[in-house]
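Trainee: just to be clear, the model below is a prediction. Sequence and coordinates:
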Amino acid sequence: MNRMSNENERRVLVLAPTNRDALLTRSILEQNQIEAEFCTDVPCVMKLCEEGAGALLLPEEVVLKGQSGPIAELVARQPAWSDLPIILLTRHGSDSPALVSALATLGNVTLLERPTGVMALVNAVRHALRARERQYHGRALLVERELANLRKDEFLATLAHELRNPLAPIRNSLQILKLTSCQDDASQHICDMMDRQVNLMVRLVDDLMEVSRITRGKIEIRREPVELASLIRSAVETSRPMIDAANTHLQVSIPAETITVLGDPMRLSQVFANLLNNAAKYTNQRGQIWVSASVQGKNVAVSIRDTGIGIPSDMLPYIFDMFMQVDRSAGRAQGGLGIGLTLVRTLVELHGGTIEVRSEGTGRGSEFTVSLPIIHREASPAPATNNQRVTELPARRILVVDDNVDSAASLGMLLKVLGADVRTEHDGPAALATIETYRPDVVLLDIGMPGMDGFQVAEQIRRRQDSNRILLIALTGWGQEQDRRRTHEAGFDHHLVKPADVKVLRTLLTQMH
């Protein structure tokens with residue numbers, strides 16, 4: 001048997017009806033090597049219970065005199081693994097209403113009639129302690145699993161951080177090439193191909209973190225009214241490179257009226273983008289993808305249908321399971337970790353919606369339908385998409401601080417190509433010295449720097465009298481919710497995860513006052 005973490009958890013707490021009973025019970029338990037603590041009243045029992053107990057041995061007088069309330073409250077607030085054994089000593093033939101009620105409120109109760117035989121008492125106590133030991137074993141397994149989960153989360157976060165660091169200079173350099181060197185068709189084709197592969201790597205890294213969030217139930221959504229049309233446009237824009245690379249024709253058909261749902265725009269766009277990516281991934285060249293939406297009562301149903309490889313009937317019940325992938329033996333290259341559909345289902349259900357899948361079998365295509373509650377409808381056309389692109393940044397002085405020299409240099413070069421005035425530094429003290437003379441409008445600051453880290457640098461910046469004029473952006477490989485909360489608390493205005501999306505970065509720098 002496992003050794004308990006607290007020796008007090010082995011003992012029996014005894015509240016004897018009389019002093020004579022107490023002396024006799026003590027003698028019996030000591031002779032059978034059973035550790036016991038004796039109490040004179042219920043408050044004493046409660047105090048010792050807080051320190052740990054294997055079982056309680058109580059007289060029925062506790063119940064009959066209305067003193068069992070605190071013990072019932074203790075039982076009610078036990079953790080899920082706990083079911084504290086209580087042995088209740090009763091007189092022969094006792095069946096009062098108070099006793100019957102106690103059996104319901106005190107939980108795991110064993111009745112022993114007084115006078116009690118020695119063997120009956122010893123066996124009842126030993127049985128209770130063995131049951132309690134099994135509970136402690138279950139607790140130990142739960143604790144072990146929660147440490148294990150913490151180690152897994154820490155490993156995934158560290159792995160994502162280490163992968164994002166080299167991705168940052170690669171994406172930055174690629175954006176520089178696209179803006180300056182990819183002029184002819186051949187160069188443009190190569191740049192587009194590299195861009196798709198970098199984006200795939202970024203999605204894989206993001207998927208690593210989503211695995212952790214799904215398994216821990218830690219996915220957060222921020223609800224606000226959002227137009228369905230804007231969600232679908234955003235998803236199509238995100239998935240367009242993969243759809244075009246598959247040489248697949250996309251047809252979108254949504255109602256002209258404005259349909260508003262309550263949800264997290266980023267997460268709902270992610271739902272539809274994941275489904276579009278899947279459709280493109282599993283549809284052959286020159287295939288077809290249809291996106292359509294229809295109002296069904298109080299809900300709107302969004303369908304994403306394709307002419308792809310389809311889903312075998314025996315796989316349909318498991319298609320939303322974690323790490324499930326179809327057609328791994330058909331010679332098709334498949335990126336991803338097999339969590340996309342699990343994430344989609346989780347996000348849809350968090351929004352109070354449902355998702356269904358249909359397929360007539362292998363080679364017959366598939367259809368995913370997402371249903372979401374409507375909060376508002378208006379018989380007017382949805383606003384047109386603004387496709388205007390900002391090619392250059394307004395004049396800004398930007399300080400890039402990163403101990404990764406390649407990351408800092410490549411981001412600095414990219415910002416210069418976009419029209420900004422840029423300085424780069426690689427440690428905290430140098431960054432603070434440069435701020436004194438350069439007086440930047442924006443500081444893009446890495447967090448995990450040796451010596452003086454980004455939090456310490458941010459603290460020094462926010463102590464300056466002119467700190468309100470500086471836009472402070474965390475640019476880091478750490479991207480979990482607690483990381484974002486910590487940067488916000490440290491005074492950062494924004495938190496970007498490496499490799500930074502140039503569109504997002506350009507928007508932040510353009511919109512600053």
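Mentor: Arrived safely.

Trainee: and residue 157, how many residues sit next to it?
Mentor: 19 (other Cβ atoms under 10 Å). Bear in mind the C-beta positions are built from the backbone N, C-alpha and C, glycine included.

Trainee: pretty sure it belongs to a strand, no?
Mentor: No: note on residue 157: no strand contains this position according to DSSP: H, G, I helix; E, B strand; the rest coil, which reports helix.

Trainee: surely it touches residue 478?
Mentor: Yes: Residue 157 is in contact with residue 478 according to Cβ atoms under 8 Å; the separation is 6.8 Å.

Trainee: give me phi/psi at residue 288?
Mentor: In terms of degrees, to the nearest 10, the main-chain angles of residue 288 are phi -130, psi 140.

Trainee: kindly report the same for residue 442.
Mentor: The phi and psi values for residue 442, taken as degrees, to the nearest 10, are phi -130, psi 140.

Trainee: one more: residue 374?
Mentor: Here is the backbone geometry of residue 374 (degrees, to the nearest 10): phi -90, psi 140.

Trainee: surely it is in contact with residue 296?
Mentor: No: in this structure residue 374 lies outside contact range of residue 296 using Cβ under 8 Å: 9.4 Å.

Trainee: okay, these two: which has more neighbours?
Mentor: When neighbours are counted by other Cβ under 10 Å, residue 374 comes out ahead of the other of residue 374 and residue 296, with 16 against 11.

Trainee: name whatever forms a beta bridge with the closest residue to that one other than its chain neighbours.
Mentor: Once flanking residues are discounted, residue 374 sits nearest to residue 300: 5.3 Å by Cβ to Cβ, 6 or more residues apart in numbering. In this structure, residue 300 has the following beta-bridge partners (DSSP bridges): residue 295, residue 372.

Trainee: how about residue 300, what does it touch?
Mentor: Neighbouring residues of residue 300 by Cβ atoms under 8 Å, 6 or more residues apart in numbering: 228, 259, 261, 293, 294, 371, 372, 374.

Trainee: repeat the analysis, applying 7 Å as the threshold.
Mentor: When contacts are counted by Cβ atoms under 7 Å, 6 or more residues apart in numbering, residue 300 touches 228, 259, 261, 293, 372, 374.

Trainee: what of residue 288?
Mentor: With contact taken as Cβ under 7 Å, 6+ apart, residue 288 is in contact with 248, 249, 306, 307.

Trainee: does the last one really touch residue 287, like I thought?
Mentor: Yes: using Cβ atoms under 7 Å, residue 307 is in contact with residue 287, at 4.6 Å.

Trainee: what's the pLDDT at residue 285?
Mentor: On pLDDT, residue 285 comes in at 81.

Trainee: does it count as helix, strand or coil?
Mentor: At residue 285 the chain is in coil, as set by three-state DSSP.

Trainee: quick check: pLDDT value at the residue nearest to it when sequence neighbours are not counted.
Mentor: Nearest-residue entry for residue 285: residue 247, 4.7 Å, with adjacent residues in sequence omitted and distances by Cβ to Cβ, 6+ apart. The per-residue pLDDT reported for residue 247 equals 86.

Trainee: now residue 143
Mentor: The predicted local distance difference test score for residue 143 is 82.

Trainee: would you verify that it is located in a helix?
Mentor: Yes: following the definition three-state DSSP, residue 143 is counted among the residues of a helix.

Trainee: how near is it to residue 22?
Mentor: With distances defined as Cβ to Cβ, to the nearest Å, the gap from residue 143 to residue 22 amounts to 36 Å.

Trainee: and if you look at residue 404?
Mentor: Per Cβ to Cβ, residue 404 is found 71 Å from residue 22.

Trainee: one more: residue 506?
Mentor: The span separating residue 506 from residue 22 equals 80 Å under the rule Cβ to Cβ.

Trainee: and the two? Which one has more around it.
Mentor: residue 506 (20 against 17).

Trainee: let me know the helix or strand that that one is in.
Mentor: For residue 506, the host element (DSSP states H and E) is helix 502-511.

Trainee: ok, residue 294 - contacts?
Mentor: If you count contacts by Cβ under 7 Å, 6+ apart, residue 294 has them with residue 301.

Trainee: now do residue 336, the pLDDT please.
Mentor: For residue 336, the model assigns a pLDDT of 53.
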